[in-house]
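[1] when you get a sec, could you give me coordinates for this:
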Amino acid sequence: MEPVVQTDRLAEKELLISVSGELDLHSVGGLQDALDEAMNERGEVVVVNLGNVDLIDSIALGALARASRRLRENGGALGVVASNADVVRAFEITSLDRVIPMASTTVDVLQRLRSLAA
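    Reported below is the predicted structural model:
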């Protein structure tokens, strides 16, 4: 089953991409499309809310890592909201939690991203 991916503008240059379901090789396309659109903007701050994601695999983690790198190269940033212990653990095992700011709420991630930009 494809995950549900929704993009909302929070403020000028701030996007929220909310995902629910499972993110794996067969379902990462919707997230990748949303990330690609966000990466077309210079200086965009993107928060990916994985709070309703049950499973994430290395393909989806790779898509987030590539998006984070490209956004940083263009003066932007990417952060992740995650509360599911298995999703958080996937970031920890791969050390992506050291590269991509994470928190359990959108507000907390935005504060971290804004402080990095300042």
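
[2] where does the residue nearest in space to the middle of the chain sit: helix, strand or coil?
    Closest to where the C-alpha atoms of the chain average out (CA atoms, centre = their mean) is residue 48, at 3.2 Å. Secondary structure, DSSP: H, G, I helix; E, B strand; the rest coil: residue 48 is strand.

[3] what's near enough to touch it?
    Under the criterion of CB atoms under 8 Å, 6 or more residues apart in numbering, the neighbours of residue 48 are 17, 19, 31, 35, 64, 78, 79, 80, 81. For the C-beta atoms, the positions are set from N, CA and C on the backbone; glycine is no exception.

[4] if it is in a bridge, with which residues?
    Applying DSSP bridges to residue 48 yields these beta-bridge partners: residue 17, residue 80.

[5] tell me the buried residues in whichever helix in the chain runs longest?
    As assigned by DSSP state H, the longest helix anywhere in the chain is helix 58-73. Buried residues in helix 58-73, counted by 16 or more other CB atoms under 10 Å: 60, 61, 63, 64, 65, 67, 68, 70, 71.

[6] hey, where'd the helices end up in this structure?
    Secondary structure of the chain, counting by DSSP H: helices at 29-39, 58-73, 85-93, 106-117.

[7] switch these over to JSON lines; also include mean pLDDT and distance to residue 99.
    Formatted as JSON lines, those follow (pLDDT from 0 to 100; distance: least, CB to CB, whole Å):
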{"stretch": "helix 29-39", "mean pLDDT": "92", "distance to residue 99": "15"}
{"stretch": "helix 58-73", "mean pLDDT": "95", "distance to residue 99": "6"}
{"stretch": "helix 85-93", "mean pLDDT": "97", "distance to residue 99": "9"}
{"stretch": "helix 106-117", "mean pLDDT": "90", "distance to residue 99": "12"}
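
[8] to residue 52, which of those helices lies closest?
    Closest to residue 52 of these is helix 85-93 (CB to CB; 9.9 Å).

[9] picking up where we left off before, with respect to residue 85, which of the buried residues of helix 58-73 is nearest?
    Closest to residue 85 out of the buried residues of helix 58-73 is residue 61 (15.7 Å), distances taken as CB to CB.
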